[in-house]
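> Okay, structure incoming, though there's no sequence with it:
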């Protein structure tokens, strides 16, 4: 059955995790050799600290552990409490495991030794954490590079690590953060294949929600279906972010679904839905948004807004290729959405004038998209040597202003929202109101919004979407009426037999799309 095929694919992936991580390390070492030349053989060795289990506030309850992203990228270790080092002069990898008490065997499971983890993660040597300083000293690395820097999305600083004995080592904090960020920006073939897998599973789950949604159901029932589907059929235990299951006016709230608004509205006949959900496997996640009417039929007004956003979505993907500026793509999305709203009678005047007056930011206040990989908002968007953040409405929310490069995976998620917090003041602002048709806009004020989001790989000469869900009005209505989508249900469908643009993405051992 297809379920067995999915299980076999996951088992195959587990069997080759060491090859997956090894390819990342090899690619990174080769990049460093090219960048640093002869200096490479003198100074470069790195040390990283893995994540630890965190308590639920002051209780003895524990949050489900998810490995720290940089450590996962370099070593692929699932367990907590580990440290790692890579001597990039010779490629030798080291792991340092915690010494566990005997009680661990009672409460948590078998206590494994260094040889077990050496084989599991294909490193050259496994020692205990309390041996870290002595092993690094014995390796005689003139310099140990450690992670330190600020995440440009959260603003959170990563402090330089320290450990017993680190005072005796030559620790350097300026290089590793920049180099690892840039490595994570450009995905290997194995990472692309894994991202294709989580997009496949997430796409199927979105189709399942389309076919299950109906007036009278609760938003959280759709979230529950997504979580169940991706875990049952894809082995995806986690989601990369809080599920957004927004109906009606909730669709105008960009990050609806949080603890204070927990997807708890009952969906009504005539509601437009905006469902933004992605699943995670082996710490890599998808980020997919679909918008559709709960009753399966678009109204004229709903189709107007949806088609304008779809035009932006399709135009951006068609224009993406290496060398293209991401802020230019944001402007393109604004141009297509504003043109659609003008044709629909919601706006008036010159579209170029609207863009100059930041009318686009009133309807799409977020950025066009973000890098994605191990983290939903993946690293490398801003940094030394790259374009700075643009301080204009909408543009300032872009999580990168970079020029596109081959190997990037970035979300394309234009949207159009009718949020009174933004639009009502704009109707009273002469600089904005001259472009706004008040009566028409007020008619849409309770609609919520539309967002359409794919995860897209930048290729050598263009782009490929990894996401495969119904997108046109006709496709959505047909699927909601019961027509099978290429990835609908759980039947196995070859990628080559679908119309999905992911066909042709390089395969990598360990992931099979079924």
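Right, received. Where do you want to start? Since we're looking at a predicted model, the values are computed, not measured. Residues are numbered from 1 along each chain as shown.

> contacts, neighbours, all on C-alpha from now
Will do.

> how near is residue 248 to residue 222?
14 Å (Cα to Cα, to the nearest Å).

> The two - which one has more neighbours?
residue 222 (25 against 22; other Cα atoms under 10 Å).

> Contact partners for the more buried one?
209, 212, 213, 245 (Cα atoms under 8 Å, 6 or more residues apart in numbering).

> JSON lines for those residues, including distance to residue 465 and secondary structure?
Converted to JSON lines, these look like this (distance: Cα to Cα, whole Å; DSSP: H, G, I helix; E, B strand; the rest coil):
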{"residue": "209", "distance to residue 465": "21", "secondary structure": "helix"}
{"residue": "212", "distance to residue 465": "25", "secondary structure": "helix"}
{"residue": "213", "distance to residue 465": "25", "secondary structure": "coil"}
{"residue": "245", "distance to residue 465": "23", "secondary structure": "strand"}
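
> which two in those residues are spaced the farthest apart?
Farthest apart among those by Cα to Cα are 212 and 245. That separation is 13.4 Å.

> Looking at those two, which is more packed in?
Neighbours were counted for residue 212 and for residue 245 using other Cα under 10 Å; residue 245 has more, 27 against 15.

> measure the nearest residue to residue 281 once chain neighbours are set aside to residue 147 for me?
Counting by Cα to Cα, 6 or more residues apart in numbering, residue 281 lies nearest to residue 236, which is 5.1 Å off, once chain neighbours are set aside. According to Cα to Cα, residue 236 and residue 147 sit 29 Å apart.

> Next: residue 112.
Separation of residue 112 from residue 147 (Cα to Cα) stands at 28 Å.

> neighbour count winner among these two?
More crowded of residue 112 and residue 147, by other Cα under 10 Å: residue 147, with 22 against 11.

> before we move on, the earlier item: surely the residue nearest to residue 281 is within a helix?
No. With DSSP: H, G, I helix; E, B strand; the rest coil as the criterion, residue 236 is assigned coil and is not in a helix.

> mind listing what it touches?
So residue 236 contacts 230, 279, 280, 281 (Cα under 8 Å, 6+ apart).

> So residue 161 sits against residue 149, correct?
No. Assessed by Cα atoms under 8 Å, residue 161 is found out of contact with residue 149, at 11.3 Å.

> Tell me which of these two has more neighbours.
Per other Cα under 10 Å, whichever of residue 161 and residue 149 has more neighbours is residue 149, with 17 against 14.

> Not counting sequence-adjacent ones, nearest residue to that one?
Residue 149 sits nearest to residue 158 (Cα to Cα, 6+ apart), 5.2 Å away.

> what's the distance between that neighbour and residue 303?
According to Cα to Cα, residue 158 and residue 303 sit 46 Å apart.

> who has more neighbours, the two?
Under the neighbour definition other Cα under 10 Å, residue 158 and residue 303 were set side by side, and residue 303 has more, 16 against 12.

> right, and the more buried one touches residue 473 too?
Yes. Counting by Cα under 8 Å, residue 303 touches residue 473, with 7.1 Å between them.

> quick one: low-confidence parts of the stretch 1-150 of the chain?
Counting by pLDDT under 70, the stretch 1-150 of the chain shows low-confidence ranges at 1-19, 22, 29, 32-45.

> wait, doesn't residue 21 sit right on residue 77?
No. Using Cα under 8 Å, residue 21 is not in contact with residue 77; the gap is 9.7 Å.

> Which of those two has more residues huddled nearby?
residue 77 (25 against 21).

> from memory that one sits against residue 123, does it?
No. Checked against Cα under 8 Å, the pair residue 77 and residue 123 is beyond contact range at 10.9 Å.

> what about the residue lying closest to residue 446 once chain neighbours are set aside, how many neighbours?
Excluding the flanking residues, the one nearest residue 446 by Cα to Cα, 6+ apart is residue 249, at 5.1 Å. Residue 249: 20 surrounding residues under other Cα under 10 Å.

> do residue 363 as well
21.

> Where does pLDDT dip in the protein?
1-19, 22, 29, 32-45, 487-514.

> residue closest to the middle of it?
Here the mean C-alpha position of the chain is nearest to the C-alpha of residue 376 (Cα atoms, centre = their mean), at a distance of 2.8 Å.

> which non-adjacent residue is nearest that one?
Nearest one to residue 376, counting by Cα to Cα, 6+ apart, is residue 240 at 5.9 Å.

> swap in residue 379?
residue 181 is the one closest to residue 379 (Cα to Cα, 6+ apart), at 5.7 Å.

> any idea how far that neighbour lies from residue 73?
Residue 181 is 10 Å from residue 73, by Cα to Cα.

> now do residue 362
38 Å.

> Also residue 443?
Relative to residue 73, residue 443 is positioned 49 Å away (Cα to Cα).

> cool, and residue 243?
Residue 243 is 24 Å from residue 73, by Cα to Cα.

> can you list contacts of the helix or strand harbouring residue 422?
Taking DSSP states H and E as the criterion, residue 422 maps to helix 420-427. Residues from elsewhere that reach helix 420-427 (Cα under 8 Å, 6+ apart): 362, 363, 432, 433, 436, 438, 445.
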